[in-house]
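In: Predicted structure and sequence below. I'll ask about it afterward.
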Amino acid sequence: MLTGKLKRLLKKGQRGQSLVEFSLTAIILLIILSGLLDLGRLYFAYVALEDAAGEAAMFLAVIDPECETAASGAECSGSRNAEWRAINATRGILDNDQLIVITNIPVRAVGGQVEVTIQYPYRFLTPLISAIAPEVTLTSFATQTIVNRPVSP
């Protein structure tokens with residue numbers, strides 16, 4: 001039979017053991033949680049890219065297939081070009097300087113296809129994931145059919 005003093009000594013040791021077990025488990029759980037948050041950010045960025053590619057393709061198909069960038073002409077300045085539409089569709093979620101917008105319009109006539117590809121280099125915040133994959137290039141692709149004739153200046 002254990003005496004009262006021996007029981008108290010064993011309980012004190014168990015309290016220390018529980019603290020060590022909790023601290024080891026908490027570290028693992030925090031690493032898993034931060035990894036999940038990083039993957040959530042990755043998905044959020046991908047959805048923003050999908051929206052941006054769709055917005056740029058829709059602009060080229062419906063409004064003006066000639067206005068791919070602001071350099072396409074005087075009538076394409078400001079918000080009247082696909083590149084501006086794609087960059088501003090992300091609404092500050094992504095770093096706009098890192099976005100790469102690629103447009104391809106083989107036939108610039110009604111019924112032709114507009115293809116928009118957007119690439120974005122995504123960096124993970126979690127040190128463990130960034131050690132495995134420092135950067136991932138997200139790519140989004142959208143296609144629309146031209147339904148409007150280009151506006152002549």
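Out: Received it, and whenever you're ready, just let me know what you need.

In: can you pull out the helices in this structure?
Out: For the chain, applying DSSP state H gives helices covering 4-58, 82-89, 127-132.

In: okay if I get these as CSV plus mean pLDDT, mean neighbour count and distance to residue 146?
Out: Bear in mind the C-beta positions are built from the backbone N, C-alpha and C, glycine included. Output for the helices of the chain, formatted as CSV (pLDDT from 0 to 100; neighbours: other Cβ atoms under 10 Å; distance: least, Cβ to Cβ, whole Å):
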stretch, mean pLDDT, mean neighbour count, distance to residue 146
helix 4-58, 85, 13, 10
helix 82-89, 92, 22, 12
helix 127-132, 87, 12, 41
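
In: got JSON lines for the ones you listed, with distance to residue 95 too?
Out: Output for the helices of the chain, formatted as JSON lines (distance: least, Cβ to Cβ, whole Å):
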{"stretch": "helix 4-58", "distance to residue 95": "10"}
{"stretch": "helix 82-89", "distance to residue 95": "10"}
{"stretch": "helix 127-132", "distance to residue 95": "16"}
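
In: Now residue 110. Its backbone dihedrals?
Out: phi -60, psi 130 (degrees, to the nearest 10).

In: so what pLDDT did the closest residue to it other than its chain neighbours get?
Out: Using Cβ to Cβ, 6 or more residues apart in numbering and skipping the chain neighbours, the partner closest in space to residue 110 is residue 146 (5.5 Å). Looking at residue 146, its pLDDT is 92.

In: next one: residue 124
Out: In this model, residue 124 carries a pLDDT of 91.

In: Relative to residue 98, how far out is the residue nearest to it when sequence neighbours are not counted?
Out: Leaving out its chain neighbours, the residue that sits closest to residue 124 by Cβ to Cβ, 6+ apart is residue 130, at 4.3 Å. Look at residue 130 and residue 98: by Cβ to Cβ, to the nearest Å, they are 16 Å apart.
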